[in-house]
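Visitor: give me a 3D structure for the following:
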Amino acid sequence: DALHLEGRDDILELKILGDWAYMRSYIQISAQLLDGQIITRHSYTLSVLQKGEDGRWRLSRDANLLTM
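Guide: Now for the predicted structure:
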């Protein structure tokens, strides 16, 4: 189990296509485990968003290769 998590997300590209959008980003997550060991993982992600009837954007699909 992790004692502490930190994360960072850098948006590399954001494209809006009407009520749909996609976003390419790079994420990095560090976890300090209960034994004090720190592990770090990083990966590119691709997210698809859809604009709702209320005008708010919501995550529709998300793909990343990050494994802990």
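Visitor: just checking, next helix/strand downstream of the host helix or strand of Arg41?
Guide: According to DSSP states H and E, Arg41 maps onto strand 38-51. Using DSSP H and E, the helix or strand that follows strand 38-51 towards the C-terminus is strand 57-64.
Visitor: angle of that following strand against strand 38-51?
Guide: Angle between the axes of strand 57-64 and strand 38-51 is 140 degrees (criterion: axes from the mean of the first three to the mean of the last three CA atoms, to 10 degrees).
Visitor: contact partners of strand 57-64?
Guide: 20-21, 27, 43-52 (CB atoms under 8 Å, 6 or more residues apart in numbering). In short, each C-beta sits where N, CA and C put it, glycine included.
Visitor: how about JSON lines for those, with neighbour count, pLDDT and distance to Asp35 added?
Guide: As requested, the contacts of strand 57-64 are arranged in JSON lines below (neighbours: other CB atoms under 10 Å; pLDDT from 0 to 100; distance: CB to CB, whole Å):
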{"residue": "Trp20", "neighbour count": "13", "pLDDT": "98", "distance to Asp35": "44"}
{"residue": "Ala21", "neighbour count": "16", "pLDDT": "98", "distance to Asp35": "41"}
{"residue": "Ile27", "neighbour count": "16", "pLDDT": "94", "distance to Asp35": "24"}
{"residue": "Ser43", "neighbour count": "14", "pLDDT": "92", "distance to Asp35": "24"}
{"residue": "Tyr44", "neighbour count": "13", "pLDDT": "93", "distance to Asp35": "30"}
{"residue": "Thr45", "neighbour count": "17", "pLDDT": "94", "distance to Asp35": "29"}
{"residue": "Leu46", "neighbour count": "14", "pLDDT": "96", "distance to Asp35": "34"}
{"residue": "Ser47", "neighbour count": "18", "pLDDT": "96", "distance to Asp35": "33"}
{"residue": "Val48", "neighbour count": "13", "pLDDT": "97", "distance to Asp35": "38"}
{"residue": "Leu49", "neighbour count": "19", "pLDDT": "97", "distance to Asp35": "38"}
{"residue": "Gln50", "neighbour count": "14", "pLDDT": "98", "distance to Asp35": "42"}
{"residue": "Lys51", "neighbour count": "15", "pLDDT": "98", "distance to Asp35": "45"}
{"residue": "Gly52", "neighbour count": "10", "pLDDT": "97", "distance to Asp35": "44"}
